[in-house]
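J.: quick one, fold the following:
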Amino acid sequence: MHVVVDPFYSELGSRVVLLGGFELLPLEFKHFPDGEFYVRFTGDVSGLDVCLIMGCLPFRQSECFLRSVFFINTLKDLGARRIIVAFPYLPYSRQDKRFLSGECVSARVFVNTLFSSGADMVVTIDVHSMDVFSIFGDKFVNVSSLAVWREFLNREFKDGFFLVSPDEGRAEFISDLARSVGSPFTTFKKVRNLRTGKISELEPVNLDELKSLSNSYSTAIVLDDIISTGGTVARVVKELRKFFDGKVVTMFTHGLFLPGSIHKLLDAGVSRIISTDTVKNSFAEVSVAPLLVSFLRNIT
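T.: Numbers count the residues shown, from 1 in each chain. This is a model prediction of the structure:
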């Protein structure tokens, strides 16, 4: 397997190359004076299996998308045998259904464009929802981050803790993780305004369970798939703080950390913030590189 590392976020791709012992495919990338891209692969790719590891930066997802289209199309034109596109964080994936008439289902358009450009497979980690991608069959792969979180929790938190799911949509993942590390968990649920349909607050699914866990453990870990503005998890932490005065740790697979999000978490009473490196951020203590290496080895 040969690997192309996105030049705008090379750290994660480099970890995959080094950990997996893959061949790095040389790439020249620059901007013309008017801002347009220049792309050139300097090695012979004819007949090769190639994996693109794309790195999206907050606020620049569209540029990342355009780069990937240029890379895929060029590799296909140069004769690459198979092209696997890895977006550890998949942009545009939150608009995964048509909520209002006339809306663009961005998640489907995004992935469909990758395949139309010549990709043979698209792989991501902890995608927001798999339902919209079912039309692509086994050409679209969602890798769970559970294994790297399990290893991290077992290594870093040996004195006992309980896990918190910020909403019911994340409860199955948290339940599986809790079982794998031998810790209890509890779940919050979204309460919607019956008139507007908007989320008005978050509350415990089982208040007695939350109170019992709060009295039995000194650390609570809230784990969500993504943080952008930080509003949801901050509200969960504030509710948690009504019953729990121990250490509250927040963990995120995709750490976008838009302006104001960190302040919201700190103001809510968070003790520690942790993220993976799917997106370049200052809180990336957990790498998803082992997940990508394992996946690529299994399909080689």
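J.: alpha carbons only for contacts and neighbour counts from here, please
T.: OK.
J.: any weak-confidence spans in the protein?
T.: Counting by pLDDT under 70, the chain has low-confidence residues at 192-200.
J.: okay, now the domains of it?
T.: What automatic domain parsing lists as the domains of the chain is 2-143, 146-286.
J.: format those as JSON lines; extra columns: mean neighbour count and distance to Asn298.
T.: Rendered in JSON lines, the data for the domains of the chain read as follows (neighbours: other Cα atoms under 10 Å; distance: least, Cα to Cα, whole Å):
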{"stretch": "domain 2-143", "mean neighbour count": "17", "distance to Asn298": "12"}
{"stretch": "domain 146-286", "mean neighbour count": "18", "distance to Asn298": "16"}
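J.: any chance of those domains in TSV, with distance to Ser294 too?
T.: TSV is the format used below for those (distance: least, Cα to Cα, whole Å):
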stretch	distance to Ser294
domain 2-143	8
domain 146-286	11
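J.: determine which of these approaches Leu292 most closely.
T.: Put simply, out of the domains of the chain the one that sits nearest Leu292 is domain 2-143, at 6.9 Å, with distance taken as Cα to Cα.
J.: and the domains of the chain: which comes nearest Arg297?
T.: In terms of Cα to Cα, the element of those nearest to Arg297 is domain 2-143, at 8.0 Å.
J.: of the domains of the chain, give the one that comes closest to Thr300.
T.: Using Cα to Cα as the measure, domain 2-143 is the one of these that comes nearest Thr300, at 8.4 Å.
J.: list the helices and strands the top helix by length along the chain packs on?
T.: In the chain, ranked by residue count with DSSP state H as the criterion, the top helix is helix 61-77. With contacts defined as 3 or more Cα pairs under 8 Å, 6 or more residues apart in numbering; DSSP states H and E, the packing partners of helix 61-77 are strand 37-41, strand 82-87, helix 106-117.
J.: any idea how far the second one is from the chain center?
T.: Yep, that's strand 82-87 we're talking about. Computed by Cα atoms, centre = their mean, to the nearest Å, the chain-centroid distance of strand 82-87 equals 16 Å.
J.: mind saving the C-alpha coords of that strand as PDB?
T.: Extracted as PDB, the C-alpha positions of strand 82-87 are listed here (Å, rounded to 0.1, in the frame of the first residue of the first chain):
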ATOM      1  CA  ARG A  82      -7.300   1.100  -6.400                       C
ATOM      2  CA  ILE A  83      -7.800   4.400  -4.500                       C
ATOM      3  CA  ILE A  84      -8.900   4.400  -0.900                       C
ATOM      4  CA  VAL A  85      -9.800   7.800   0.500                       C
ATOM      5  CA  ALA A  86      -9.500   8.200   4.300                       C
ATOM      6  CA  PHE A  87     -11.300  11.200   5.800                       C
END
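J.: doesn't Phe8 belong to a helix?
T.: No - with the criterion set as DSSP: H, G, I helix; E, B strand; the rest coil, the secondary structure at Phe8 is coil rather than a helix.
J.: which residue lies closest in space to it, excluding its sequence neighbours?
T.: The shortest distance from Phe8 to any non-neighbouring residue, by Cα to Cα, 6 or more residues apart in numbering, is to Gly55 (6.5 Å).
J.: verify the stated contact: that neighbour with Ser62.
T.: No - under the criterion of Cα atoms under 8 Å, Gly55 is not in contact with Ser62, lying 11.5 Å apart.
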